[in-house]
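K.L.:
what shape does this take:
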Amino acid sequence: MKCVLVTGGSRGIGSAICKKLAIEANYHILINYHSNKTAAEATLQEVQKLGGTGEILGFDVSNYEEVQATLTKWQEANPEAIVEAIVNNAGITKDGLFMWMTPEDWNGVVNTSLNGFFNVTQFFIQKMLRNKYGRIVNMVSVSGVKGTAGQTNYSAAKGAIVAATKALAQEVAKRNITVNAVAPGFIRTDMTSQLDEKELLKLIPVNRFGEAEEVADLVSFLISKKSSYITGEIININGGIYS
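P.N.:
Next comes the predicted model:
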């Protein structure tokens with residue numbers, strides 16, 4: 001059984017990715033969630049409706065021990081399963097000006113995005129190296145390449161993953177493992193629902209927010225065999241707001 005793990009797969013872009021992979025990739029889909037089990041189950045139902053197979057896995061990506069325990073238990077229960085692809089999508093925002101930022105708001109955001117990438121990817125990387133195949137896609141953000149005021153914590157976390165993507169890509173390329181990052185701009189999801197869309201449209205050359213499905217299309221391509229010669233890349237998907 002060949003699998004793809006999507007962290008933060010229950011809602012928004014993560015859910016769209018799971019649904020897209022159900023149609024386009026021949027993978028059993030592991031849908032990770034942290035707190036919203038109902039949303040994860042709804043995504044799984046959609047995956048099954050679209051003809052895919054999957055299951056939900058609850059764990060906090062920022063908690064190393066929890067990640068290790070949950071994934072080890074899953075691997076032991078599924079000894080034949082091979083996780084060939086990982087989408088590191090889990091992330092949170094706690095926006096605010098840096099001068100007033102609390103250690104909790106800094107650490108929460110950095111731990112989820114950056115340490116989550118380490119905890120999950122590191123669990124599987126040796127197996128991928130042994131199998132001589134793998135696809136790792138890290139969800140970053142326009143904030144991680146351009147920087148965004150009020151998001152110093154989020155920009156720091158995503159910018160660190162940008163650099164880690166480039167470094168890890170060089171380490172594992174000889175074993176047919178690609179590592180890329182996708183940097184969305186303003187995408188219509190729960191996470192952006194509080195933003196003033198009318199005001200922000202003035203900044204976006206294509207004059208609209210992106211759709212989660214459009215990001216999922218790009219991720220699906222990077223997970224596929226078609227993208228074999230692309231690695232260490234940060235691909236912006238932001239309607240021309242920044243390149």
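
K.L.:
from here on, just use CA atoms for contacts and neighbour counts.
P.N.:
OK.

K.L.:
what's the longest helix in this structure?
P.N.:
Longest helix in the chain, counting residues (DSSP state H): helix 152-172.

K.L.:
other SSEs contacting it?
P.N.:
If you count contacts as 3 or more CA pairs under 8 Å, 6 or more residues apart in numbering; DSSP states H and E, helix 152-172 packs onto helix 103-110, helix 142-145, strand 177-184.

K.L.:
swap in 6 Å and give it another go.
P.N.:
When contacts are defined as 3 or more CA pairs under 6 Å, 6 or more residues apart in numbering; DSSP states H and E, helix 152-172 sits against helix 142-145.

K.L.:
and the next helix or strand past the lowest-mean-pLDDT helix or strand in the chain?
P.N.:
Sorting the helices and strands of the chain by mean pLDDT, DSSP states H and E puts helix 197-201 at the bottom, at a mean of 82. Sequence-wise, the next helix or strand downstream of helix 197-201 (DSSP states H and E) is strand 210-211.

K.L.:
other SSEs contacting that following strand?
P.N.:
Contact here means 3+ CA pairs under 6 Å, 6+ apart; on that basis strand 210-211 packs against strand 187-188.

K.L.:
picking that back up, report the angle between the longest helix of the chain and helix 103-110.
P.N.:
Orientation check (axes from the mean of the first three to the mean of the last three CA atoms, to 10 degrees): helix 152-172 against helix 103-110 gives 30 degrees.

K.L.:
what is the mean pLDDT for helix 152-172?
P.N.:
The average pLDDT within helix 152-172 is 98.

K.L.:
ok, residues contacting it?
P.N.:
Helix 152-172 is contacted from outside by 106, 110, 114, 140, 143, 144, 147, 179, 232, using CA atoms under 6 Å, 6 or more residues apart in numbering.
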